[in-house]
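Trainee: 3D model of this:
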Amino acid sequence: INPPADLTLSCQEALNYQPNPLAYSNELSGNCLDEGSVEGIIIGESEVCGGSFNVQWTYTDECGNTLFHEQVITVAPTDEPQWINPPSDQTITCESAFEIQPSMLEYSNGASGTCAIAGNVTGTLTQNFNTCGGVIFQDWTWTDSCGRTIAHRQVLTVQPQAPAEWINPPVDLTLTCTEADNYTPELLSFSNGAIGGCLIEGSVEGVLAINKDACGGSGTVTWTYTDDCGQRIEYVQQLIILPSAEAAIIDPPGDISLSCEAAASYQPSTLLYSNGANNSCLVAGELTPNLIRNTNSCGGDLTVIWSGTTDCGQVLEYQQVITVLPPEPPVFISLPIARNLSCSEAENFEAPVLTYSNSATGICLVEGTVEPSYTIQKDACGGEIIASWTYTDDCGTALTYVLAYPVDPAPTPVWTENIPSNLTLTCTDFESYIPPLLNYDNGAKGFCQDSGSVAGVLIQTPDKCGGTAIVEWRYTTTCGETIQERQTITVT
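Mentor: Down below sits the predicted model:
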């Protein structure tokens, strides 16, 4: 009943194929009915690469009638194997290219049992590269027992060797002018950090280019390297060159003081300046002075200003202040000495005119004469005349000389007449006796004269019995000097 038709199976299906029982029947009933099923018998076998086998069902009934059915099963070849995770094309480094080894690539058709095709193949390398790059082909090829070939090619693009890089390139540098004159660039090393045949390393000298003068400038140091693959690297170090050290005035004079005469002829000299450097860094020159006079006969000051600008624009200025001293103060020449004056001399006394001078020359000379002034402190009894010579110059310097002349008292007067001699008088004569006037004089004139007359005075009288009478002439000057004379009269 419904015998199966021929069919086609895969290898894996054929491997597991089991025919089903085939039912039969004569479609009668009762004792005449003959029905049942027969197991199929597999005749032949397939291979991994395909083929066919038969399934036969045979039944002979009791009457000797034979029932036969044969099914032809065509077995397809097992599935073609495929590469397992075949590598894709890659880009590799130079170093990796030198180290690459063929790899194993597995294949399988995913089947099992006798249908399975699986294994691995070692790739074949075809190398066409150098340190500048290229390509490597890795080919895997396998032909199965069925004559089917599978192949895979991996293309490895080899990069050029890594370009070199500078090792610790120097930072930009600031140099002094002197340092720039003596600057020598160092060797600069480079490397690409690779190994083996891909390694690039070495060092190059820098090329120095400087544009400067004493006022500064700039420069560069350029290191350049090109490898075998034409890969060029360059490093430029910038150099900032400072202006040379600022110039300073050499031995600038300090402030000084000059005498009046020295200042009159003073002429300042130029000042030199320098920064003390050498060669192209030297800044040097001289400054011309400008003399400003602010003086008079009493002194003042001189201001000397040196100023100028260096080639680098540095402004230099120095100022010296010279104090001009006043002229030497004058002194009196040939000072008189004190002497005693008589009263008469003092009446018309004149002290000498004094000459003064500072013995200088030109505008610094101070000279002249001074009349004395007097302070009179005297009378006929004497005293003094004070002569003062005073001079104040234009600078306020006072010159004073004071001399006291002692004035002697006027001469003491003397009696100018003969002194009466002693007498003897009778009592009667004595009663009528009048002592004479007695004159005195000091022989001077004018204010100093002291003259006159003095009447005699009885300073002792007798009694009626007689005795001694004394007549006295006494004169006391205004200065307290006393002259006196006595006459003794004997009264009988």
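Trainee: Which residues are in contact with the residue nearest to Val402 when sequence neighbours are not counted?
Mentor: Among residues not flanking Val402 along the chain, Ser388 sits closest, at 4.9 Å (Cβ to Cβ, 6 or more residues apart in numbering). Where you see a C-beta, it was placed from the backbone N, CA and C, and this is true even at glycine. If you count contacts by Cβ atoms under 8 Å, 6 or more residues apart in numbering, Ser388 has them with 372-375, 400-402.
Trainee: same check, this time on Thr375
Mentor: Contacts of Thr375 (Cβ under 8 Å, 6+ apart): 385-386, 388.
Trainee: do Val370 as well
Mentor: In this structure, Val370 makes contact with 332, 353-354, 356, 389-391, 399, judged by Cβ under 8 Å, 6+ apart.
Trainee: Report pLDDT for it.
Mentor: Predicted confidence (pLDDT) for Val370: 97.
Trainee: In which helix or strand does Lys378 reside?
Mentor: Here Lys378, judged by DSSP states H and E, is contained in strand 373-379.
Trainee: how about the helices in the stretch 51-200 of the chain?
Mentor: In the stretch 51-200 of the chain, the segments counted as helices under DSSP state H, counting those that start in this stretch are 94-99, 177-181.
Trainee: oh, I was asking about the stretch 201-350 of the chain
Mentor: Listed in chain order, the helices found in the stretch 201-350 of the chain under DSSP H, counting those that start in this stretch are 260-264, 343-347.
Trainee: So for the helix or strand following the last one, what gets flagged as buried?
Mentor: Scanning forward in sequence from helix 343-347, with DSSP H and E defining helices and strands, the next element found is strand 354-357. Of the residues in strand 354-357, those buried under the neighbour-count criterion (16 or more other Cβ atoms under 10 Å) are 354, 356.
Trainee: Next: stretch 216-223.
Mentor: When burial is assessed from 16+ other Cβ under 10 Å, stretch 216-223 yields the following buried residues: 216-217, 219-221, 223.
Trainee: buried sites along stretch 247-263?
Mentor: Using 16+ other Cβ under 10 Å as the test for burial, stretch 247-263 gives 247, 249, 258, 260-261, 263.
Trainee: Can you convert the residues you listed into TSV and add a column each for pLDDT and distance to Trp57?
Mentor: Conversion of the buried residues of stretch 247-263 to TSV gives the following (pLDDT from 0 to 100; distance: Cβ to Cβ, whole Å):
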residue	pLDDT	distance to Trp57
Ala247	95	127
Ile249	97	134
Leu258	96	154
Cys260	91	161
Glu261	89	162
Ala263	93	156
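Trainee: Would you map the strands across the stretch 101-250 of the chain?
Mentor: Secondary structure of the stretch 101-250 of the chain by DSSP state E, counting those that start in this stretch: the strands cover 104-108, 118-122, 124-130, 133-143, 149-158, 165-166, 173-175, 188-191, 201-204, 207-213, 216-226, 232-241, 248-249.
Trainee: do the stretch 251-400 of the chain as well
Mentor: So, for the stretch 251-400 of the chain - with DSSP E, counting those that start in this stretch - the strands run 256-258, 271-274, 284-287, 289-296, 299-309, 315-324, 331-333, 354-357, 367-370, 373-379, 382-392, 398-407.
Trainee: Now tabulate the ones you listed in JSON lines and tack on distance to Glu417.
Mentor: Output for the strands of the stretch 251-400 of the chain, formatted as JSON lines (distance: least, Cβ to Cβ, whole Å):
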{"stretch": "strand 256-258", "distance to Glu417": "77"}
{"stretch": "strand 271-274", "distance to Glu417": "96"}
{"stretch": "strand 284-287", "distance to Glu417": "99"}
{"stretch": "strand 289-296", "distance to Glu417": "73"}
{"stretch": "strand 299-309", "distance to Glu417": "72"}
{"stretch": "strand 315-324", "distance to Glu417": "76"}
{"stretch": "strand 331-333", "distance to Glu417": "51"}
{"stretch": "strand 354-357", "distance to Glu417": "48"}
{"stretch": "strand 367-370", "distance to Glu417": "50"}
{"stretch": "strand 373-379", "distance to Glu417": "27"}
{"stretch": "strand 382-392", "distance to Glu417": "27"}
{"stretch": "strand 398-407", "distance to Glu417": "30"}
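Trainee: So which of the ones you listed is nearest Ile210?
Mentor: Comparing the strands of the stretch 251-400 of the chain against Ile210 with Cβ to Cβ, the closest turns out to be strand 284-287 (21.7 Å).
Trainee: Next, the buried residues of that closest one.
Mentor: Using 16+ other Cβ under 10 Å as the burial criterion, the residues of strand 284-287 that qualify are Leu287.
Trainee: got it, and stretch 290-310?
Mentor: Neighbour-count burial for stretch 290-310 flags 295, 298-302, 304, 306, 308, 310 (criterion: 16+ other Cβ under 10 Å).
Trainee: And for stretch 437-453?
Mentor: If you call a residue buried by 16+ other Cβ under 10 Å, then stretch 437-453 has these buried ones: 438, 440-442, 444, 448-450.
Trainee: buried subset of the contacts of Ser388?
Mentor: Applying a neighbour-count criterion of 16+ other Cβ under 10 Å, the buried members of the contacts of Ser388 are 372, 401.
Trainee: Give me the spatial nearest neighbour of Arg328, chain neighbours excluded.
Mentor: Rather than Arg, residue 328 is Glu. Of all residues apart from its sequence neighbours, Asn358 sits closest to Glu328 (Cβ to Cβ, 6+ apart), at 4.3 Å.
Trainee: State the distance from the one you found to Pro352.
Mentor: Computed with Cβ to Cβ, to the nearest Å, the distance linking Asn358 and Pro352 is 20 Å.
Trainee: Likewise for Val207?
Mentor: When Val207 is compared with Pro352 (using Cβ to Cβ), they lie 97 Å apart.
Trainee: Show the contacting residues for Pro409.
Mentor: When contacts are counted by Cβ under 8 Å, 6+ apart, Pro409 touches 343, 380-382, 479, 481.
Trainee: Buried ones among the residues you listed?
Mentor: Neighbour counting by 16+ other Cβ under 10 Å classes 343, 380, 382, 481 among the contacts of Pro409 as buried.
Trainee: so where's this structure shaky on pLDDT?
Mentor: With pLDDT under 70 as the threshold, the chain has no low-confidence stretch at all.
Trainee: picking that back up, what would the helices of the stretch 201-350 of the chain look like in JSON lines with distance to Ser52?
Mentor: As requested, the helices of the stretch 201-350 of the chain are arranged in JSON lines below (distance: least, Cβ to Cβ, whole Å):
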{"stretch": "helix 260-264", "distance to Ser52": "144"}
{"stretch": "helix 343-347", "distance to Ser52": "188"}
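Trainee: I'd guessed Asp228 sits against Cys132; true?
Mentor: Yes - between Asp228 and Cys132 there is a contact at 6.5 Å, judged by Cβ atoms under 8 Å.
Trainee: quick one, which of those two is more surrounded?
Mentor: The residue with more neighbours, out of Asp228 and Cys132, is Cys132; 15 against 11, by other Cβ atoms under 10 Å.
Trainee: burial count for the nearest residue to the more buried one once chain neighbours are set aside?
Mentor: What sits nearest to Cys132 in space, not counting adjacent residues and going by Cβ to Cβ, 6+ apart, is Cys229, at 3.7 Å. Here the number of neighbours of Cys229 (other Cβ under 10 Å) works out to 15.
Trainee: Cool, thanks, talk later.
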